[in-house]
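**Q** what follows is a protein structure lacking sequence information:
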């Protein structure tokens, strides 16, 4: 893509955007400079009539992200341009979106001075302003892009690239008249041999599991379950009282009566202490006799 005369000429016109288009953002505040993009080629799986355009351009101090969408406004992919290490004529690789997996392409960037001087931020465009030239987009054959498997629980897995589908137990692939058949059912003789195992647990205390073979054990009150080797350990997490509510009520009443009696006893002891103190004071009192005769 690095042809000097071709790129110099394109730096003076809209290419790879169609001639005569404004290249202006929807808000009219941003115009893609002529000398920024000078070449582009995209190979995408789409109908030949599909059109593509630059739908968004995010301009920052370090990078420029160019987003390309189809005429249905579905993002096809983007170019990530690093301004710090850019040299005129550098090519940048196209990164496809999930919708256009397998798309490929490159763009050539010339000068970045005009882009550096342009307003920063994200700017959106319409197809009428930035539609790409016809020769830029090469339509490829539409093929299977991905396989998505969904189970009965609505869980899904998507596969891309080279996918291999292998037959498991009781399944057989058959190819006839350009069609692939998968036969499944009893009597095909395709089951794998079962490994001999000890007899399984079928019931616990006479209780059977649900149709899926699941058995539920729910701890109640102060019990808890703890896994151990090949089993469960049932633990008591809190000791239940050995008396009922009526016994506890009687015990509480008696304790309250004892507390009342103790308070009375404390008052009595305090009175005795006061009287003992008074008696001690009187016993220690000295009398001076002036006339003992």
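**A** Cool, the structure landed. All values derive from a computational prediction rather than experimental measurement. Residues are numbered from 1 along each chain as shown.

**Q** and the contacts of stretch 21-33?
**A** Here stretch 21-33 makes contact (CB atoms under 8 Å, 6 or more residues apart in numbering) with 14, 17, 54, 57, 59, 111, 114-115, 118-119, 123-126, 128-131. For every residue, glycine as well, the C-beta is placed using N, CA and C.

**Q** how about a cut-off of 7 Å?
**A** 14, 17, 57, 114-115, 118-119, 123-126, 129-131 (CB atoms under 7 Å, 6 or more residues apart in numbering).

**Q** from one end of it to the other, what's the distance?
**A** End-to-end distance of stretch 21-33 (CA to CA, to the nearest Å): 12 Å.

**Q** next one: stretch 92-100
**A** Terminal residues of stretch 92-100 lie 18 Å apart, using CA to CA.

**Q** check stretch 220-231 too.
**A** With CA to CA as the measure, stretch 220-231 spans 18 Å from end to end.

**Q** show the average pLDDT along it.
**A** What stretch 220-231 shows for mean pLDDT is 84.

**Q** identify each buried residue in it, please.
**A** Residues of stretch 220-231 classed as buried by neighbour count (16 or more other CB atoms under 10 Å): none.

**Q** and the contacts of that stretch?
**A** With CB under 7 Å, 6+ apart, stretch 220-231 has contacts from 217, 219, 232-238, 240.

**Q** so which of these belong to strands?
**A** Judged by DSSP state E, strands contain the following of those: 232-236.

**Q** and the closest residue to residue 15 other than its chain neighbours, what does it touch?
**A** Leaving aside its sequence neighbours, residue 15 sits nearest to residue 133 (CB to CB, 6 or more residues apart in numbering; 6.3 Å). By CB under 7 Å, 6+ apart, the contact set of residue 133 is 15-16, 18.

**Q** which of the contacts of stretch 21-33 fall within strands?
**A** Taking DSSP E as the definition of strands, these contribute 57, 123-124.

**Q** and of the ones in strands among the contacts of stretch 220-231, the nearest to residue 106?
**A** For these, the residue nearest residue 106 by CB to CB is residue 232; the value is 62.3 Å.

**Q** distance of that closest one relative to residue 225?
**A** Distance of residue 232 to residue 225, given as CB to CB, to the nearest Å: 5 Å.

**Q** next, give phi and psi for the nearest residue to residue 19 once chain neighbours are set aside.
**A** Closest residue to residue 19 apart from its sequence neighbours, by CB to CB, 6+ apart: residue 13 at 6.4 Å. When quoted as degrees, to the nearest 10, the phi and psi of residue 13 stand at phi -140, psi 180.
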